[in-house]
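>>> Everything below, folded, please.
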Amino acid sequence: MSPLLAAAPAPETPPHTGGLLLLLDGTAGLLTVAALGIVLLLVLIIKVRLQPFVALLAVSIAVGLSAGLSVTELFGTVQRSTSVSMIESGMGGILGHVAIIIGLGTMLGAILEVSGGAEALSTRLLNLFGEKRAPLAMGLTGLIFGVPVFFDVGIFVLAPIVYAAAKRSGKSILLYCMPLLAGLSMTHAFLPPHPGPVAAAGLFKVDLGWVILMGVVVGIPAVLAAWAYAAWIGKRLFVPVPQDMLEAADEAKAAVAEERAARRAAARSTTATATGAGAGAGVGGKGPGPGSGSGADSAPVALADAPDEDPAEQPVPLGTVFLIIGTPLLLILAATFSSIALDPSTLRSVIEFFGHPFVALTIALLMAYYLLGIRRGWSRKSLETVSTSSLKPVGNILLVVGAGGVFGAVLKGSGIADALADTFNDVGLPVIVLAWLISVVLRVAQGSATVAIVTTAGIVVPLVEGQDLSQAHLALIIMAISAGSIFASHVNDGGFWIVAKYFGISERDTLKSWTVLETVLSVAGFAMAAALSVFI
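Below you'll find the model as predicted:
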C-alpha cells in the first residue's frame, strides 16, 4: 500500500454547521436559534393567530435549517435510503402511542357521556363533596387515578367527568379540569411506576421505596399549591365546555333517542295490531268460546311486552361506571408493577399484555359497549353512531400533537438540548439546584418531561459520585429533577396541546392556566425537595 493511500482519512465535516450557525458558531448559535424559534412560534400562534399545526411545522423547519440541519435530515430523500426524516420520525414517534390512546379513550368517554355514566359519576362526586368542593373532588380523582395510568390516558378517560361537572354548574371548565390535571401531572412526574422517576432511580441506584416516599412527601405539598392556583384562575378566567365536544355528544344523543323512539313506535304499532286482531276474532262470530278468550288475553300480554320502561332511560348504576373506568386502571397498574416485582415469566408477559394501555382501553371500550349500550337496549347502529361522532373533534388534536412532536424532535436532533445541558454543567451551584435548573432548561427546550428527567439524571449522576450521599438525599435530587421536568409546559409539549384542544382552551388562556399551573407545581416541588435536603 502506498504512503498516500495509508494516510489518515480527512476529518469528517462537523454536523449542523449551516444556517445561523455560520454567524454564531457552537453553543451560542444553538441557544440563539432555540430562543428565536420559541419566540417566533409564540408570536405566530398568539399574535398572528396562525393555526397551531401550521405554525409548529413552519417553525420546526425554520429552526432545523437555522441550526444547520440538512434538507435530507429534515425530510429524508425521495429514494429509499438509510436516512430518516426527522419530521416523519417526530410525528410518528408521538402519534404512534398517542393516536391509539386518543381514539380509544375518546370513544370510551363518548359512551360514558351519552349513556349518562359520566353524569352519574360526577353527580355522586358533587353530592359527596358538595358544589363548593367539586373542584377538590376532581383533584382527588386525578391524584388517585394518576398513579397507575399515564398522564394522557387519565385525561382521555376522565375528561367526560369534567365536562359533566362544568356543564351542570355552568362555571368555567378550568375550575374542574385544572385540579384534575394537577393530580395527574404530579403522579406522572414524582411517583413510580411512571417511567421518568423509575429511570432516574435506576441511574442513581436508589431504591424505589425511597423514591416513592420522597415523591409523596414532596408531591403532596406541590399539588396542594397547584390546587390553590387552579381555584384562583378558575374563578377569574371563564372557559366554557368545548362546543365541538358538546355538539358531538348532542349529535350522538339525538341519534340514539331517534332510534329509541322509532323502536318504541314500532313496538306500539305491533301491540295495536295484535290487540285489533284479537278483538276482531271475538266480534267475528267465533262466540264466547276459547277463541274469544284467547283474543282477550292476547292484549295484556302484548302490552306487557311493550318497552314502556326503556332500559336506556334508566339511571346508569354507579357500580357499572366504576367497573368500566376501574378495569383499565387496574390492568395498567398490575402490568406496571409486574415489570418491577416479577422476574421475566409467562405470567408477567400475560399481565403486561392485558395491562398495555392499548389492550386495557380496548377491553374497557368493549365492556362499555355491552354494559352501557347493548344491555341497555342500544343497537349496533347506535354504538357506531356514538363512536363515529366522538371522533370528529379528534383530527385537529392529533395533527397539533404530532406537530409538537416534530418540533421537539428538531430541537433534540439539532443538538440544542445538549448545548443547553452543557451550558449548566460546570456552573458552581449545589447539586440539587443545578439538577432542577438543567431539567427546567431541557423541559422548556424540548417539551418531554420523561426525556428531561432521563437526560438530566445522566448529567447529574457523575456529579454526585464519590460524595457518599444517602439514599434519601439522592431521592430528593431525583425529586428536584422531576420537578424541573414539568416546568412551564408550553407549545413544544404535546401535553400542552392535548390540554388546550381537549378542554377547548385557547392558546393564550392555556398559557395563563395550564402553563402557570405546571410552573407552580414545579417550583413548589423543588422548594420542598431543596428544603428537605438541608436536613437529610
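>>> What number of residues are in the vicinity of the residue nearest to Lys235 when sequence neighbours are not counted?
In this structure, Lys235 finds its nearest non-sequential neighbour in Leu175, 6.9 Å apart by CB to CB, 6 or more residues apart in numbering. Every residue, glycine included, has its C-beta placed from N, CA and C. Using other CB atoms under 10 Å, Leu175 has 23 neighbouring residues.
>>> And for the closest residue to Gly76 other than its chain neighbours, the neighbour number?
Distances taken as CB to CB, 6+ apart put Ser85 closest to Gly76, at 3.4 Å, once the chain neighbours are dropped. Residues near Ser85, counting by other CB under 10 Å, number 17.
>>> Can you list phi and psi of the residue nearest to Lys235 for me?
The phi/psi pair for Leu175 (degrees, to the nearest 10) reads phi -60, psi -20.
>>> Please apply the same query to Gln51.
phi -60, psi 130.
>>> could you measure it against Lys501, distance?
12 Å (CB to CB, to the nearest Å).
>>> for Lys167, same thing?
Noted for Lys167: a distance of 18 Å to Lys501, by CB to CB.
>>> okay, these two: which has more neighbours?
Lys501 (23 against 20).
>>> And the pLDDT at the residue nearest to that one when sequence neighbours are not counted?
Nearest in space to Lys501, with sequence neighbours left out and distances taken as CB to CB, 6+ apart, is Ile397 at 4.4 Å. On pLDDT, Ile397 comes in at 75.
>>> which residues does Ile397 contact?
Ile397 makes contacts with Ile102, Trp497, Ile498, Lys501, Tyr502, as judged by CB atoms under 8 Å, 6 or more residues apart in numbering.
>>> same check, this time on Lys501
Contact partners of Lys501, counting by CB under 8 Å, 6+ apart, are Pro393, Asn396, Ile397, Val400.
>>> Helix or strand: which one has the third one?
Right, the one you point to is Ile397. helix 394-413 (DSSP states H and E).
>>> Only alpha carbons, please: show that helix as PDB.
The C-alpha coordinates for helix 394-413 follow below in PDB (Å, rounded to 0.1, in the frame of the first residue of the first chain):
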ATOM      1  CA  VAL A 394     -60.000  14.300  17.300                       C
ATOM      2  CA  GLY A 395     -58.400  15.100  13.900                       C
ATOM      3  CA  ASN A 396     -57.200  18.600  14.900                       C
ATOM      4  CA  ILE A 397     -55.900  17.200  18.200                       C
ATOM      5  CA  LEU A 398     -53.900  14.600  16.500                       C
ATOM      6  CA  LEU A 399     -52.400  16.900  14.000                       C
ATOM      7  CA  VAL A 400     -51.300  19.500  16.600                       C
ATOM      8  CA  VAL A 401     -49.900  16.900  19.000                       C
ATOM      9  CA  GLY A 402     -48.000  15.400  16.100                       C
ATOM     10  CA  ALA A 403     -46.600  18.700  15.000                       C
ATOM     11  CA  GLY A 404     -45.500  19.300  18.600                       C
ATOM     12  CA  GLY A 405     -43.600  16.100  18.400                       C
ATOM     13  CA  VAL A 406     -41.900  17.300  15.200                       C
ATOM     14  CA  PHE A 407     -40.800  20.500  16.900                       C
ATOM     15  CA  GLY A 408     -39.400  18.500  19.900                       C
ATOM     16  CA  ALA A 409     -37.500  16.200  17.500                       C
ATOM     17  CA  VAL A 410     -35.900  19.000  15.600                       C
ATOM     18  CA  LEU A 411     -34.800  20.700  18.800                       C
ATOM     19  CA  LYS A 412     -33.300  17.400  20.000                       C
ATOM     20  CA  GLY A 413     -31.800  16.400  16.700                       C
END
